[in-house]
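>>> just a sequence and a predicted model for now, questions to come.
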Amino acid sequence: MKKFINDPGDVVAQALAGLAAAHAELRVDPENQLVVRGDAPIRGKVGIVSGGGSGHEPLHGGLVGPGMLDAACAGEVFTSPVPDQIVAATRAVDGGAGVLHIVKNYTGDVLNFEMAADLAADEKITVETVLVNDDVAVEDSTWTAGRRGTGATLIVEKVAGALAEERAPLADVAAIGRRVNERSGSFAVALTAATTPAAGQPGFDLPDDEMEVGVGIHGEPGRRRSKVTSAREVAALMVEAILEAKPGLGDNAIVLLNGLGGTPLIELYLLFGEVSKLVTVRRSLIGNYVTSLDMAGASLTLCHADDEILRLWDAPVRTPGLRWGS
Amino acid sequence: MKKFINDPGDVVAQALAGLAAAHAELRVDPENQLVVRGDAPIRGKVGIVSGGGSGHEPLHGGLVGPGMLDAACAGEVFTSPVPDQIVAATRAVDGGAGVLHIVKNYTGDVLNFEMAADLAADEKITVETVLVNDDVAVEDSTWTAGRRGTGATLIVEKVAGALAEERAPLADVAAIGRRVNERSGSFAVALTAATTPAAGQPGFDLPDDEMEVGVGIHGEPGRRRSKVTSAREVAALMVEAILEAKPGLGDNAIVLLNGLGGTPLIELYLLFGEVSKLVTVRRSLIGNYVTSLDMAGASLTLCHADDEILRLWDAPVRTPGLRWGS
Amino acid sequence: MGVMIMNVDQARDWIAAIAAKVEADAETLTRLDSAIGDGDHGANLKRGFAAVTLALDGFEAETVGDVLTKTGATLISKVGGASGPLYGSAFRAMGKALTSADVTREQLGDALEAGLAAIRKLGGAQPGDKTMVDAWLPAAAAFKSSGALAAAAAAAKGAEDTTGLQARKGRASYLGERSVGHQDPGATSTALIFQALAGT
Amino acid sequence: MGVMIMNVDQARDWIAAIAAKVEADAETLTRLDSAIGDGDHGANLKRGFAAVTLALDGFEAETVGDVLTKTGATLISKVGGASGPLYGSAFRAMGKALTSADVTREQLGDALEAGLAAIRKLGGAQPGDKTMVDAWLPAAAAFKSSGALAAAAAAAKGAEDTTGLQARKGRASYLGERSVGHQDPGATSTALIFQALAGT
Ligand SMILES: Nc1ncnc2c1ncn2[C@@H]1O[C@H](COP(=O)(O)OP(=O)(O)O)[C@@H](O)[C@H]1O
Ligand SMILES: Nc1ncnc2c1ncn2[C@@H]1O[C@H](COP(=O)(O)OP(=O)(O)O)[C@@H](O)[C@H]1O
Ligand SMILES: [Mg+2]
Ligand SMILES: [Mg+2]
Ligand SMILES: [Mg+2]
Ligand SMILES: [Mg+2]
C-alpha cells in the first residue's frame, strides 16, 4: 500500500488536522472527528448535519459552510460515525429551529443516526431526517438493505442547505431534501478497487480488462463485471440504468459526473461529454466529490430539477469543496 | 489500460467537448483545442493566454474565466500546443492592451510559444512572456533545460489574472507574474507513474514500496527513488528541498498542496497538515490542480507572498476549476 | 433456581476473551467483509473491544449486567457501522436482563435471547438473511437446551451455513446473487462471542 | 556543377519514406521517450508526418524547396512539443536553401547543413548534449563527403552513441545521471530521416 499517511490507524484525525490548518473559518475537532461552521449555531436557522464514513472527501467535512452543511461527523474510513459524534454535532448547530440529519442509506449510518436522533430528542432538540437512497444499482426491495446513498447526497445537502440559509422552517427544509432525493438516481462504474489504509490492499481484484458495474462507494463490489468498454458505452450504460429505474430523470437535469477518486478530470470531462448527448443538462458539476478513496471510476447522478431546486442549487455556497455565488 | 475514453488518438478534443457542454460561459473549440472566455476580447484589458500539454487538468482550460486566464491552448497529452493555436488564442483575447503569455519552462512549450509570439508580432499584437520555472527538483544550470514549470503556474495565472482584471498595463501584469515565479518553489513526489492514452502503460515501473522523488508532471521519472516513507517525512523532504534551493519561501506563504491526479483528498489534507507544521501558511489551496493524468502523488508549492500578491490571490475568480469571491 | 454460572469477574473474563479472539481473528473478519462488504468488520470490532477493555479497567461493577451494559454502551460509542449499534444493543439488552452479582444458566440463557431480540428489533433481519442473527439464534437456543459448549458449536455451524445464503440485509445484500458462497463476517464474529463464552 | 540527385518527385518520395519509417517505428520512439522523457515522441512524429502526407497530397510544388518548406510548416503546425518546432524549422531551412526543381548533391548537402543550423539555433543544443543534433551533425558531414548511404550510417551511429551521454537539453536533462544508458529518441528519429534519404 502506497499512501501519504503516517499510521493506518490514525488517518481520519490527521486528515482533519490538515483541514483545520487550511480552514480557519471552520471549527474542526480532529479528536472527536467533527467539522462545524465557525458561526454555528445560528439563531433561528435550521442546522444541517450530515456525516458518514471517511474516504469520500470532500463529502462531508469539505461541504461545511454557508449555504450547505452546518456540521459533519466523520466516521472511520468507510465506517459510519457513532451516535455520540452525531449528538455533539446536532447540539453544536441547534439554533432553536431544529436540526436536519441527512443520512445516506446504509445500515450502519441509519442505525447510528437513529440512535443519535433519539438521544437528541431527550435533549429536546427537534430532529428530522432525510434518507438518501439514489443508487439504482441496488434493487429497492425488501430483499436488500435498500438503495444506497451516493452522489445525490451532495445535491440534497446543497439544496437543503440553501433553503435553510433562507431561514425556512425545518419541515420545508426536510421536504425539499426528500424531493431532491426522490427525483435523483445514480449509477457507478469502477475500473479499480479502493484500498483502505486498514486493509492495505484493494478491496477486490479486478482483471486488467474488466470493470465493476454498479459498484458502491465503500469498496463493495458491484452487481456484475464486464469488459471495459468505450466512454460512449459507459455513458449509455449509466444513463440507461438510471432511466430504467427512475424514468424521466434525464429531463431538466442537474448532472453530477463524479470521480471516485483515482480518475483524472480529463476522463471525467470526456465522459460528461458523452452523457450530455443523452440527457437534457440544466446544470452540471464535474469532479471528485463523492469519492471512494483511490478507486478509479465514476458515478453519474441525474436530478430531475424543478425551478425551486434549480434556484436553490444556484444559490451561493462557501465551503472548502464547493463554492460559488457571492 | 483502463480509461474512460473512446479512442486513444482523440482524447483531448473529446474532453474539450465535455468542457463545452458543461460551461456555456466559455467559448470552447474542440477541433482547434482552444478555450476562450465568452466575453473576450475585453477592450483595454490585457489578455492572458496560457497553455501546454493536456493531462494536467484543470490546468489550463479549467482556469479560464474572469479573474484568471482569457484563453488556454490545449496540446495533445503531455505535448505542448502548436504555434497556430497560440496565435489564434492571442488574437482572440487581444483587447488592444497587449497579451501576456504564461509559459511553463519546457523546451517544447518555450519553442512553440516563441514562434507564436513572433507570428503575433507580425500581426502587431504586443506580447510579453512570463516563463514559469519553479520546480526545484531540477538544478537550474546550463547543464539542463532549466527548472520545470509546475504548481507555481496556477499562482502566476491567478495573480496576474487578477491584476489584468483591474486593467493594469501589460508591463505590470508581466512583472507581477515574474515576481510570483521568482518567489515560488515546488517539489513533487510520485507513488505511481502516469499512463498516457497513447502509450497505454505506465511511463515507468515503480516497485510496490518505492516512490519517485522530484518527479515531473509529464510522466518523466524523478531524480531518484527511495522507499515510501511516512507523510511526515514526505512533507519534510518536500519543504526542505524547496527551502534549500530557495531560502525564505516558507514565510508568509501561499501553499499549494497539489494532487497529481490519482491521490485522494483525504491523503492530501493529511499531508497538508504535516506541511503546515513546517511553514507559515498565509493562504492554502489543497486539491488536484496541476495533475499528471492518473499519477498518484503530490506536489508542494510555496510562494513567499507579499501584500500585493496576497491581495491579488484573494481577488474574485470564476473559472470551472477555481472560484471564489463574488 | 439453577446453579450460578457467571459472576461479575466471570463476566469480565468473558468480555476479555471476546476481545482477545477479535484481536486474533481481526484479519479473517476483515477479509470476509472485503469479499461481500467494505472490509472493515475486523478493524471495527478490534477498535470496539479495545475501547471496552479500557472502559472496564477500573470500572466498578456490582452486577453482571453492569459489565455487559458498559460493554454495550462502549461498543455503541466507539464502533460505528452496522455492527456497533447491533452488538452494542445486544450487550445492553443482556446487561439489563442480568441485575445480580451472580447469574444462573437460565438467566443467562434468557439474556442471550434478549440480546438476539435487540439485534432483530434494531436491524430487522430475519433468520436466513445472512447476518449475525444466523449464528446468534441457534447459539442462544443451544445454550438454553445444552449449555455453553453446544452454543459455541451451534454458532460456529450457523456462521458456516451462512456461506450458502444470499444476503438480504447489510452491505452484502447489494451484491445479490454474488453474495452466495461467502461466509458472513458478522455471523463469524458472533461465533467468536459464543466461543469465548464456552472458554474454547 | 554536380549531378542532379533530387527532383520534386524524389523529394516527395523522401518525405513519404520518412512517414512510412516513422509509422513503423513509432512504438520504438515512444518507448525510448518513456525511459527518459514523456513517452510521446513516436505519437508526435506519427501525427506530424500523417499531416504532412495529407498536406502534400495534391499540393503543387515547383521546386524541391516547396516540398520541404511545406513539410516544415506542417510539422510546426501539427506536432507541438520540442521536436515539432525543431524538425519543422529544419525542413523549412532546407526548403529555403533548395529553390530549384532539381538539386545537386552539393546543394542538398548545404541544405542539410542549413537544417542542422536551424535546429541548433532554435534549440541551443551543443554536440554531445544527447539530442537529435548528435545524429544530424555527423550525418550531414558524411553526406557531404561520402553521400547518402554514409549519411544514414553516420546518423545511426550518432544515435546509438547518445546512449552513453548525459542529457543536457530537453526533458531527458531532468534525469541528470539517470539519463545515461538510454538512447535519445530524437537522435533515433533523425536516423530514420537519413535512412529514408538513402532509401535504406
Ligand atoms: N440489518 C442487520 N441485521 C443484523 N445484522 C446485520 C444487519 N446488517 C448488517 N449486519 C451484520 O453486520 C455485519 C457487518 O458489520 P460491519 O462490517 O462492522 O459494519 P458495516 O457493514 O457498516 O461496515 C454483517 O456481516 C452482518 O452480519
Ligand atoms: N534543445 C534541444 N535541441 C535539440 N534537440 C532537442 C532539444 N530538446 C529536445 N530535443 C530533442 O527532442 C526529442 C524529444 O522530442 P519529443 O518527445 O517529440 O518532444 P517533448 O520532449 O516536448 O515531448 C529529444 O529526444 C531530443 O532529441
Ligand atoms: Mg463499514
Ligand atoms: Mg511531450
Ligand atoms: Mg463492514
Ligand atoms: Mg516527448
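Ah, there it is. Ligands and ions are numbered 1, 2, ... in the order given.

>>> does residue C:39 count as helix, strand or coil?
Using DSSP: H, G, I helix; E, B strand; the rest coil, the structure places residue C:39 in coil.

>>> swap in residue C:200?
Applying three-state DSSP: residue C:200 is coil.

>>> what about it, how many neighbours?
13 (other C-beta atoms under 10 Å in any protein chain shown). Yep, even glycine has a C-beta here, placed from its N, CA and C like the rest.

>>> so residue A:165 makes contact with residue A:66?
Yes: if you go by C-beta atoms under 8 Å, residue A:165 and residue A:66 touch, sitting 6.6 Å apart.

>>> in chain A, which spans are helices?
With DSSP state H, the ranges of helices along chain A come out as A:11-22, A:83-93, A:107-122, A:152-165, A:170-182, A:231-245, A:265-275, A:307-314.

>>> what's near enough to touch residue C:10?
residue C:64 (C-beta atoms under 8 Å, 6 or more residues apart in numbering or on different chains).

>>> quick one: it is in a strand?
No: applying three-state DSSP, one finds residue C:10 to be helix, outside a strand.

>>> confidence score at the residue nearest to residue A:243 when sequence neighbours are not counted?
Excluding the flanking residues, the one nearest residue A:243 by C-beta to C-beta, 6 or more residues apart in numbering or on different chains is residue A:250, at 5.6 Å. At residue A:250, the model reports a pLDDT of 96.

>>> beta partners of residue A:299?
residue A:188, residue A:258 (DSSP bridges).

>>> what's near enough to touch residue C:26?
Residue C:26 is in contact with C:42, C:43, C:45, C:46, counting by C-beta under 8 Å, 6+ apart.

>>> err, residue C:183, not the other one
Counting by C-beta under 8 Å, 6+ apart, residue C:183 makes contact with C:32, C:159, C:160, C:162, C:163.

>>> buried only: go through those for me.
Buried members of these, counted by 16 or more other C-beta atoms under 10 Å in any protein chain shown: C:32, C:159, C:160, C:162.

>>> could you measure from the closest residue to residue A:179 other than its chain neighbours over to residue A:182?
Excluding the flanking residues, the one nearest residue A:179 by C-beta to C-beta, 6+ apart is residue A:309, at 7.2 Å. Relative to residue A:182, residue A:309 is positioned 11 Å away (C-beta to C-beta, to the nearest Å).

>>> and the helix or strand harbouring residue C:90 with chain A, contact?
Assigned by DSSP states H and E, residue C:90 belongs to helix C:83-97. Yes: for helix C:83-97, a contact with chain A is found by C-beta under 8 Å from any C-beta of the partner chain, at C:83, C:84, C:85, C:86.

>>> is it true that the second one touches residue A:109?
This points to residue C:84. No: using C-beta under 8 Å, residue C:84 makes no contact with residue A:109, being 11.1 Å away.

>>> need the overlap of contacts for these two.
With C-beta under 8 Å, 6+ apart, residue C:84 and residue A:109 have common neighbours residue A:80.

>>> would you map the helices across chain C?
All helices of chain C, identified by DSSP H, fall at C:8-36, C:41-56, C:64-78, C:83-97, C:105-123, C:133-146, C:148-161, C:185-198.

>>> out of these, which is closest to residue A:94?
helix C:64-78 (20.3 Å; C-beta to C-beta).

>>> need the CA coordinates for that closest one. CSV is fine.
Output in CSV follows, covering the C-alpha atoms of helix C:64-78 (Å, rounded to 0.1, in the frame of the first residue of the first chain):
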residue,chain,number,x,y,z
VAL,C,64,-23.1,-9.0,35.8
GLY,C,65,-25.4,-6.6,34.0
ASP,C,66,-23.2,-3.7,34.8
VAL,C,67,-20.3,-5.3,32.9
LEU,C,68,-22.4,-6.1,29.9
THR,C,69,-24.2,-2.7,29.9
LYS,C,70,-20.9,-0.9,30.0
THR,C,71,-19.7,-3.2,27.2
GLY,C,72,-22.7,-2.4,25.1
ALA,C,73,-22.6,1.4,25.6
THR,C,74,-18.9,1.4,24.8
LEU,C,75,-19.4,-0.5,21.6
ILE,C,76,-22.2,1.9,20.6
SER,C,77,-20.0,4.9,21.2
LYS,C,78,-16.8,3.5,19.6
